[in-house]
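>>> sequence-free structure coming up:
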Ligand SMILES: NC(=O)c1ccc[n+]([C@@H]2O[C@H](COP(=O)([O-])OP(=O)(O)OC[C@H]3O[C@@H](n4cnc5c(N)ncnc54)[C@H](O)[C@@H]3O)[C@@H](O)[C@H]2O)c1
């Protein structure tokens, strides 16, 4: 049974895997045996991350490049594949969010988010999949979607458009790449206890109360709770799972919620 989830001998590239959810996922994949490569646009983040991984006994290879720049991706994928190993698993994790009310949003803010959260994964998939197809040994692609792949919310029109688009890119690539034994799936995280959410995760904060009340699990998720899903979607165990987004959200998407005064 363990073999189903074993990633020994596999190489995973996790974009923006320098902290937060990307780092938790990378550590999970490493725990299942994968060799980890991460990239980011900020070299200092990569340096800091490298020592954090090392503290957990994980050696990561790091590369500085921007997922939105086709010329950089086209240049770096072959470099990674010759310096480290061919990429078996791609996790499109790098992302940004801009919280701006729609009527105050400039087109540039919208396209900036689309660029990183949707065009970036397209470019990464394009060049990594090309290499996977040429090698003929299949592969796994995991796109970090969001509950905003399904739901709207105030101030995040660019993010929701990008993550909704990413869900459909996932389905489309699942269709086109299946004949090459490449499975393309997504992970849709709910709300997680990360460094960024620390200031609002305090009792009495309206957003904290909203999350606790709105989530059937009654709590925020821990980043490590994404590891099982990532290992599943990266491993043999999911070879007949294709084009899905697996929401790891404590049940939020399953429910319309309940009135505050209802048991
Ligand atoms: N944090 C959450 O609760 C949550 C919920 C749902 C979905 N997600 C998604 O999960 C992913 C990771 O979330 P996170 O909160 O850990 O993100 P984060 O912002 O903490 O980290 C993302 C990393 O991507 C890097 N990055 C940004 N633009 C880049 C580019 N053009 N090229 C390369 N790297 C770039 C950033 O420097 C950063 O280090 C994102 O796609 C996000 O949208 C997060």
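Ah, there it is. In this text, all values refer to a predicted model and were calculated from it rather than measured experimentally.

>>> any idea how far residue 162 is from the nearest residue to residue 41 once chain neighbours are set aside?
Distances taken as CB to CB, 6 or more residues apart in numbering put residue 66 closest to residue 41, at 5.0 Å, once the chain neighbours are dropped. Just so you know, the C-beta spots here come from the backbone N, C-alpha and C atoms, and that holds for glycine as well. Using CB to CB, to the nearest Å, one gets 16 Å for the distance from residue 66 to residue 162.

>>> can you check residue 91 too?
According to CB to CB, residue 91 and residue 162 sit 17 Å apart.

>>> likewise for residue 86?
Residue 86 is 29 Å from residue 162, where distance means CB to CB.

>>> repeat that for residue 186.
For residue 186, the distance to residue 162 under the criterion CB to CB works out to 13 Å.

>>> ranges for the helices of the stretch 101-250 of the chain?
With DSSP state H, counting those that start in this stretch as the definition, the stretch 101-250 of the chain shows helices at residue ranges 107-114, 120-135, 157-177, 206-214, 227-234.

>>> the ones you listed: lowest mean pLDDT?
Mean pLDDT across the helices of the stretch 101-250 of the chain is lowest at helix 206-214; the value there is a mean of 93.

>>> quick check: buried residues in it?
208, 211, 214 (16 or more other CB atoms under 10 Å).

>>> ok, and what's touching it?
Contacts with helix 206-214, where a contact means CB atoms under 8 Å, 6 or more residues apart in numbering, come from 191, 200-202, 218-220, 252, 257, 260.

>>> got the residues of the stretch 51-200 of the chain near the ligand?
66-68, 93-96, 116, 120, 144, 146, 189, 191-192, 194 (CB under 6 Å from any ligand atom).

>>> picking up where we left off before, neighbour count: residue 66 and residue 162, which is higher?
Taking neighbours as other CB atoms under 10 Å, residue 66 and residue 162 compare with residue 162 leading, 30 against 19.
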